[in-house]
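Visitor: Sequence first, then the predicted structure, then my questions.
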Amino acid sequence: MINRNARLVARREITERLGEKSFLVSTGITLAIIILVVVIPPLLGLGGTDKYVVATDAQSRPIAERAVALAKNFDAEVTIGDTEPDVRLVDGEIRSEKEPDDTLVGLLQTANQALEPSTRPALEVVTAKPVDPDRDAKAGLAFFAILMLYGQLIAYGFIVASGVVEEKASRVIEVLLATIKPKDLLTGKVVGLGLLGFGQLLGIALVGVGVAGATGVLDIDGQLLSAVGLALVWFVLGYAFYASLYAVAGAMVPRQEELQSSTTPLTMAILVSFFAGFAVMEDPDGVVAHVCAFIPFTAPITMPGRIALGEAPAWEIAASVGVMLAATALLIPLAARIYSAVVLRTGTAVKLREALRLARSAN
């Protein structure tokens, strides 16, 4: 439990941020973006030309050649070849390792029916791996979770850092530290903004899920709600890890103009995790996915997508959460010592090596 002083700081942070027009405007913009991301692509069918490679035997080659001719009608491009084919046409079957793209299947079925006789039986789709009928919905959930977590972690991390610099530049920090300990000030700031971020994320998630359900993009069920709940849990884990680092980054510089340079490594770490999240979505059981699960910088963004896709075993989820908790437990005391040692330093920015030295000498 946090003490009374930290609770007062947390309450102050929440009250001040809720009263800022910028917070309300940013929340509105975020909601608008989420709504557009959910609604616009399905309505307009946005997307470029899809390219496919089809391998075929001699018997099914006329179907493949017809598909090449009809591809433009499907905003697609089909090439016949044996190099990394998307599907194989063999003995009247569409064969592939995993579930083939719906556009390609529809194109091949249309090409098949366009041949003589017109009453040809439909091509049977055969996959080497079992097909999950909810795969597309789960992929949508994973994308939604990655997008939300990336936005919230990077936004609230920067808010923590900029708040620290603002207090230093205005000398408010000197008044605050005359009555409370630096550790309590840091704890209250991180907790207060974390609660605010959690509430905002919850609101965004509810609106996004509601819009998706109302437009028929997603079916609202227990699996969907569980995925949203997991995204919220991983926000808490990721925020607890990153917020202390952002607070230290803010404490090391005296002016807002220098904040960008001190927070760039953390922002880049979140950005790399964001792109890693999409790479993991493409291969949720690959080496990259398993490695990212045990890296505290990447796990908060990559793990929710794997969980939504049903590709993360229970032991790995538990182990990843354990790594996050252990890393955060080790980081917070160190961050608090560095923060306490440098937060009152003014004039020039403090180098990380010097900040660590000051933190050690303060013990």
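Guide: Thanks, I have it. Treat the numbers as computed from the prediction; the structure is a model and nothing was measured. Residues are numbered from 1 along each chain as shown.
Visitor: Could you use CA atoms for every contact and neighbour count after this?
Guide: Will do.
Visitor: Distance of the nearest residue to Arg120 once chain neighbours are set aside relative to Glu20?
Guide: Closest residue in space to Arg120, ignoring its immediate chain neighbours: Gln113 at 6.1 Å, by C-alpha to C-alpha, 6 or more residues apart in numbering. Taking C-alpha to C-alpha, to the nearest Å as the criterion, Gln113 is separated from Glu20 by 62 Å.
Visitor: Give me the more crowded residue out of those two.
Guide: Gln113 (17 against 10; other C-alpha atoms under 10 Å).
Visitor: host element of the more buried one?
Guide: Here Gln113 sits within helix 102-114, counting by DSSP states H and E.
Visitor: How about Glu84?
Guide: Here Glu84 is covered by no helix or strand, with elements defined by DSSP H and E.
Visitor: Could you do Val125 as well?
Guide: Val125 is part of strand 124-127 when elements are defined by DSSP H and E.
Visitor: repeat for Leu271
Guide: Per DSSP H and E: Leu271 is located in helix 259-282.
Visitor: which parts of that helix are buried?
Guide: Buried residues in helix 259-282, defined by neighbour count with 16 or more other C-alpha atoms under 10 Å: 259-260, 262-263, 266-267, 270-271, 273-278, 280-281.
Visitor: quick one on the thing from earlier: surely the residue nearest to Arg120 touches Gly106?
Guide: No: using C-alpha atoms under 8 Å, Gln113 is not in contact with Gly106; the gap is 10.7 Å.
Visitor: May I have the phi/psi pair for Thr346?
Guide: In terms of degrees, to the nearest 10, the main-chain angles of Thr346 are phi -120, psi 170.
Visitor: Would you mind measuring from the closest residue to it other than its chain neighbours to Glu167?
Guide: Distance criterion C-alpha to C-alpha, 6+ apart; nearest residue to Thr346, sequence neighbours excluded, is Pro254 at 5.5 Å. As judged by C-alpha to C-alpha, Pro254 and Glu167 stand 10 Å apart.
Visitor: These two - which one has more neighbours?
Guide: With neighbours defined as other C-alpha under 10 Å, Pro254 and Glu167 compare such that Pro254 has more, 24 against 20.
Visitor: Quick check: that one vs Val343, distance?
Guide: Taken as C-alpha to C-alpha, the span from Pro254 to Val343 is 9 Å.
Visitor: what residue of the protein is the furthest out?
Guide: Most distant from the centre of the chain: Pro117, at 49.9 Å, with distances by C-alpha atoms, centre = their mean.
Visitor: Please, where are all the helices along this structure?
Guide: Secondary structure of the chain, counting by DSSP state H: helices at 4-18, 21-44, 61-70, 102-114, 135-169, 172-176, 182-214, 222-251, 259-282, 287-292, 299-309, 314-342, 352-361.
Visitor: okay, these, which one's buried deepest?
Guide: helix 299-309 (a mean of 28; mean count of other C-alpha atoms under 10 Å).
Visitor: and it, how far out from the chain's middle?
Guide: Centre-to-centre, helix 299-309 and its host chain are 8 Å apart (C-alpha atoms, centre = their mean, to the nearest Å).
Visitor: tilt between that helix and helix 314-342?
Guide: 160 degrees (axes from the mean of the first three to the mean of the last three C-alpha atoms, to 10 degrees).
Visitor: which secondary structure elements does helix 299-309 contact?
Guide: helix 135-169, helix 222-251, helix 259-282, helix 287-292, helix 314-342 (3 or more C-alpha pairs under 8 Å, 6 or more residues apart in numbering; DSSP states H and E).
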